[in-house]
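# any chance you can model this:
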Amino acid sequence: QVQLVESGGGLVQPGGSLRLSCAASVFAFSTYAMSWYRQAPGKERELVAYMSTGGGGLLYADSVKGRFTMSRDNAKNTVYLEMNSLKSEDTAVYYCKAWRPRSGDYWGQGTQVTVSS
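Next up is the predicted model:
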């Protein structure tokens, strides 16, 4: 069983920064590809960033390229999302997801990010 716990969300002004963390309670964390998703009110959940098991294979949504950076620390079973130059349209609940073949998807409970003056 995989448990994911996101943290680091909050209220920030436009142009500000936040760093989200996702701590995983799982054996062999390094074998899971990790992703960050977000869901704004009234909208579908969308992929924000993806990272493969080895830390490569990085993918970002066009809307966050150049502003968000995803990283992982396999020794700490944790992935991060560094968010800079935040905009009001980044307001959403942010979720992390773990995946590997034959295990399926595992989701965290989400952390709220609100960008507002």
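# pull up the pairing partners for the helix or strand encompassing residue 72, direction included.
Residue 72 belongs to strand 68-73 when assigned by DSSP states H and E. Using DSSP bridges, the strands paired with strand 68-73 are strand 78-83 (antiparallel).
# mean confidence for the partner strand?
The average pLDDT within strand 78-83 is 98.
# list the buried residues of that strand.
Neighbour counts over strand 78-83 (16 or more other Cβ atoms under 10 Å) mark 78-81, 83 as buried. (Glycine included, C-beta is placed from N, CA and C.)
# just stretch 18-28 next, same as before
18, 20-24, 26.
# tell me the one among those nearest to residue 8.
residue 20 (4.2 Å; Cβ to Cβ).
# would you confirm that that closest one contacts residue 111?
Yes - contact status for residue 20 versus residue 111: in contact at 6.2 Å, counting by Cβ atoms under 8 Å.
# shared neighbours, these two?
Contact criterion Cβ atoms under 8 Å, 6 or more residues apart in numbering; residues shared by residue 20 and residue 111: 6-9, 94.
# coming back round to it: now, among the buried residues of strand 78-83, which is nearest to residue 45?
Nearest member of those to residue 45, counting by Cβ to Cβ, is residue 81, at 15.0 Å.
# excluding covalently adjacent residues, which one is nearest to that closest one?
Excluding the flanking residues, the one nearest residue 81 by Cβ to Cβ, 6 or more residues apart in numbering is residue 20, at 4.3 Å.
# tell me the buried residues in the strand holding residue 72?
For strand 68-73, burial by neighbour count (16+ other Cβ under 10 Å) applies to 68, 70, 72.
# do stretch 2-12 as well
For stretch 2-12, the neighbour count (16+ other Cβ under 10 Å) marks 2, 4, 6, 8-9, 12 as buried.
# those in strands, which ones?
4, 6, 12 (DSSP state E).
# okay, the buried residues of strand 68-73 in JSON lines with distance to residue 59 and pLDDT next?
JSON lines is the format used below for the buried residues of strand 68-73 (distance: Cβ to Cβ, whole Å; pLDDT from 0 to 100):
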{"residue": "68", "distance to residue 59": "11", "pLDDT": "98"}
{"residue": "70", "distance to residue 59": "9", "pLDDT": "97"}
{"residue": "72", "distance to residue 59": "14", "pLDDT": "94"}
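# many thanks, we can stop here.
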